[in-house]
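Q: just a sequence and a predicted model for now, questions to come.
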Amino acid sequence: MEHLILDSNTWLLVLTGAGVSAESGVPTFRGMDGLWENHPIEDVASPQGFVKDPTLVWRFYSQRRAGAAAVHPNPGHDALVAWERHLGDRFLLATQNVDGLHRRAGSQRVVEMHGNLFKTRCSKCKRPPFDDTTVYPNGTVPTCDACGGRLRPHIVWFGEYLDPDDMSRIEDFALRGSTSGGRFVFLAAGTSGVVYPAAGIVDRVREAGGETWLVNLDPAENSTRFEYSVTGKSGEVLPKLAKLA
Ligand code: BV8
Ligand code: ZN
């Protein structure tokens, strides 16, 4: 296997998807064939879905909140923590995952692009999102004690914009890395490369002349856009892939 040299000249942007949490026991979206209880995920993970059937949406997220709380980070998460500790502020992790496992593993320089299962916010008032580990009993739709509006998971649903601060944090890092005079590397792991804007990051990196790596169990939609591709389980590949120099 090719080794990824991580030295004092390297800037590394990592993007992770559901595949990185698969070995922890968190089901991937493709693993569910894009379905949950026979509902297309886009229907449940969407503002329209929430308006149409908020109890169904809270059942989906309560179930995933309980599931994520019951599992633990795997060696793939741990490898990313080691890389961050080695590279410091020349490392940034952008994750599509909402399970919180990167932070639980010890990652600190993390952008949770699609939100977090353990945060809830009000769908009506501007009350800031708050930590919430509650697994709401089936059929419960929690309401805001400030305005009485419906509470919702602090998750970016399909058709919703990502937090502009998150996107600019990733953009700024890519700009600094690609103009640093050092070697700018982008590595995507455990993602099918279907969902945008995350799936488009590889194109930005190539435009900026960065080196691109994909670590995935099977070829992703956008795999032809990566220079280096390592097929395998992220929990097995990531701990062996990097040479910390
Ligand atoms: C946006 C939170 C601007 C939910 C998620 C029509 C109308 C509106 C929008 C669109 C539209 N058409 C297209 C769009 C854009 C849309 C999009 O890209 N849709 C796709 C389906 C085509 N994007 C959006 O809506 C985004 N917002 O564009 O705003 C806008 C606004 C209005 C109108 C237009 C544009 C918002 C996207 C965020 C959606 N929220 N998550 C939740 O999690 O509950 S996305 C959700 O699905 C996940 O977060 C994740 O990102 C995605 C699934 O992707 P992956 O992480 O890649 O997981 P997947 O299962 O697919 O793949 C796993 C991979 O791992 C596989 O390749 C497998 O081989 C591999 N693997 C498995 N095991 C392992 C492994 N690899 C290594 N090791 C292993 N052990
Ligand atoms: Zn409110």
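A: Here it is on my side, so go on. Ligands and ions are numbered 1, 2, ... in the order given.

Q: correct me if wrong: residue 112 contacts residue 99.
A: No - applying CB atoms under 8 Å, one finds residue 112 not in contact with residue 99, separated by 9.7 Å. Every C-beta, even on glycine, is put in place using the N, C-alpha and C of the backbone.

Q: center of the chain, which residue is that?
A: residue 96 (2.0 Å; CA atoms, centre = their mean).

Q: need the contact list for that residue.
A: Going by CB atoms under 8 Å, 6 or more residues apart in numbering, residue 96 touches 15-18, 113-114, 191, 195, 198.

Q: give me the phi and psi for the closest residue to residue 3 other than its chain neighbours.
A: Take residue 3 and drop its neighbours on the chain: the residue closest to it by CB to CB, 6 or more residues apart in numbering is residue 243, 4.6 Å away. Residue 243 has phi and psi values of phi -110, psi 110 when expressed as degrees, to the nearest 10.

Q: show me what residue 243 bridges to in the sheet.
A: Per DSSP bridges, the residues bridged to residue 243 are residue 5.

Q: I'd like the distance between it and residue 7.
A: 8 Å (CB to CB, to the nearest Å).

Q: again with residue 66
A: Going from residue 66 to residue 7 by CB to CB gives 42 Å.

Q: next one: residue 210
A: 16 Å.

Q: neighbour count: the two, which is higher?
A: Per other CB atoms under 10 Å, whichever of residue 210 and residue 7 has more neighbours is residue 210, with 21 against 12.

Q: which residue packs closest to the more buried one, ignoring adjacent ones?
A: Ranked by CB to CB, 6+ apart and with sequence neighbours excluded, the top spatial neighbour of residue 210 is residue 184, at 4.0 Å.

Q: which residues sit against whichever strand or helix holds the one you found?
A: Element membership for residue 184, per DSSP states H and E: strand 183-189. Here strand 183-189 makes contact (CB under 8 Å, 6+ apart) with 4, 9-17, 19-20, 76, 174, 177-178, 201-202, 205, 208-216, 220, 226, 234, 237-238.

Q: buried ones in that strand?
A: Neighbour counts using 16 or more other CB atoms under 10 Å place 183-189 of strand 183-189 among the buried residues.

Q: what of stretch 135-145?
A: 135-136, 141, 144.

Q: using CSV, write out the CA atom coordinates for that stretch.
A: This file holds the C-alpha atoms of stretch 135-145, laid out as CSV (Å, rounded to 0.1, in the frame of the first residue of the first chain):
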residue,chain,number,x,y,z
VAL,A,135,-34.3,9.7,23.4
TYR,A,136,-37.9,10.9,23.0
PRO,A,137,-40.5,8.2,23.5
ASN,A,138,-42.2,7.1,20.3
GLY,A,139,-44.7,9.7,19.1
THR,A,140,-43.4,12.6,21.3
VAL,A,141,-42.6,15.9,19.6
PRO,A,142,-40.8,18.1,22.1
THR,A,143,-41.7,21.7,22.3
CYS,A,144,-39.7,24.8,23.1
ASP,A,145,-40.2,26.1,26.6
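
Q: what's it in contact with?
A: 54-55, 58-59, 62-63, 65-66, 69, 120, 122, 124-125, 127, 134, 149-151.

Q: these: which ones sit near ligand 1?
A: Among those, no residue is within reach of ligand 1 (CB under 6 Å from any ligand atom).

Q: can you say which of those are buried?
A: Using 16+ other CB under 10 Å, the buried members of the contacts of stretch 135-145 are 54, 58-59, 62, 65, 120, 122, 150-151.

Q: of those, which is the nearest to ligand 2?
A: residue 122 (3.1 Å; CB to the ion).
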